[in-house]
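Q: Output the structure for:
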Amino acid sequence: MLGMVGVLIAAILWGTTGTAATFAPAVSAVAIGAVAMGFGGLLQAMIAAGSITRYIDKLLQQWRLLLIGGSAVAIYPLAFYASMHLAGVTVGTVISIGSAPLLSAFIEYGLEGQKLTVRWMLGAILGVAGMILLSMAESTGHDTLVQSSNVMFGVILGLLAGFTYALYSWAARRMMQQGLPSKTAMGAIFGLGGMLLMPVLFVTGAPLLASWSNAAVGIYMALVPMFIGYICYGYGLARITASMATTITLIEPVVAAILAVIIVGERLPIMGWVGIGLVVACLIFITVPLKHIPIVRIRVNNSLCGVKTIQRNSNRT
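A: Here you go, the predicted model:
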């Protein structure tokens, strides 16, 4: 349960990034992603420096997972924010975040042979359906025009973002399963990803220094959603599967939508609130332990008189 709570806190913090970005309209989405994931990743590496040094031999033994995870961390924010730019914020967010649980499950199934449970699949269906309703509701409340020629490319980038998100989550968990502490694995993976993002930040990050408000947004993004958020995420990832973790993070766009209503002043139609309800139902369904449920079993007699006995008992589902 604590692992789920850690991931849930991370997702809530990540959900604040969209509202925070509205306070720095002059900064491009790519620069926001680069400063958040770049500096956030380097900060994680700094606080884990001692642990990384202590486990350097194991890290070198797992260099393939480290390279996969670090590269995915670097690609994710670029693909995610580019997807929102090309396909629109709502479509880009739904494709990127909504596809991650499914892609994560397929990665675990393909590389580890882990079976998909019926409970998880039903929960994922609820969550994705809720995100679709939420995105449709948000789309009706905005007059944003997106060039149709760019939408398909934006969708492809969204799928790439979802895949890289699922991939670095899987790589980090595999490193933990092979004996590395959460702090070490996350620090190494995000430190490498942060270094790879520095050239992108150098090219696109000048507006961050143009004003104190822009700089404050960049600092907040790096420290709170990415640094603290991914510490919580790493704690949770060490205790639950990557597919479960990515499914719980479906709460991120819900938090973003609610903050947009409360702080930014956007209006959310009924369809959007229904979508939020479905996502919340998804989280409850996959995280809350199912208790003994009384089941009525009826035994039918072979004779014409019908019911022979009624037996009531309780089974754990």
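Q: Show me which positions of the helix or strand harbouring residue 152 end up buried.
A: Element membership of residue 152 [criterion: DSSP states H and E] is helix 148-177. For helix 148-177, the neighbour count (16 or more other CB atoms under 10 Å) marks 154-155, 157-176 as buried. Every residue, glycine included, has its C-beta placed from N, CA and C.
Q: what's it packed up against?
A: Using 3 or more CB pairs under 8 Å, 6 or more residues apart in numbering; DSSP states H and E as the contact test, the elements touching helix 148-177 are helix 63-87, helix 89-112, helix 182-204, helix 229-237, helix 242-248.
Q: Excluding chain neighbours, what is closest to the most centrally placed residue in the chain?
A: Nearest to the geometric centre of the chain sits residue 249, at 4.2 Å (CA atoms, centre = their mean). Distances taken as CB to CB, 6 or more residues apart in numbering place residue 11 nearest to residue 249, at 4.2 Å, with adjacent residues excluded.
Q: Name all residues that make contact with the one you found.
A: Applying CB atoms under 8 Å, 6 or more residues apart in numbering, one finds that residue 11 lies in contact with 248, 249, 250, 251, 252, 255.
Q: Among these, which one lies nearest to residue 28?
A: For the contacts of residue 11, the residue nearest residue 28 by CB to CB is residue 252; the value is 21.0 Å.
Q: How about the contacts made by that closest one?
A: 11, 12, 14, 15, 97.
Q: what's the burial count for the last one?
A: Around residue 97 there are 26 other residues, counting by other CB atoms under 10 Å.
Q: try residue 57
A: Neighbours around residue 57, by other CB under 10 Å: 8.
Q: how long is stretch 224-231 from one end to the other?
A: 10 Å (CA to CA, to the nearest Å).
Q: Any chance you could list what contacts that stretch?
A: Contacts of stretch 224-231 (CB under 8 Å, 6+ apart): 9-10, 13-14, 16-17, 20, 36-37, 39-41, 43-44, 186, 190.
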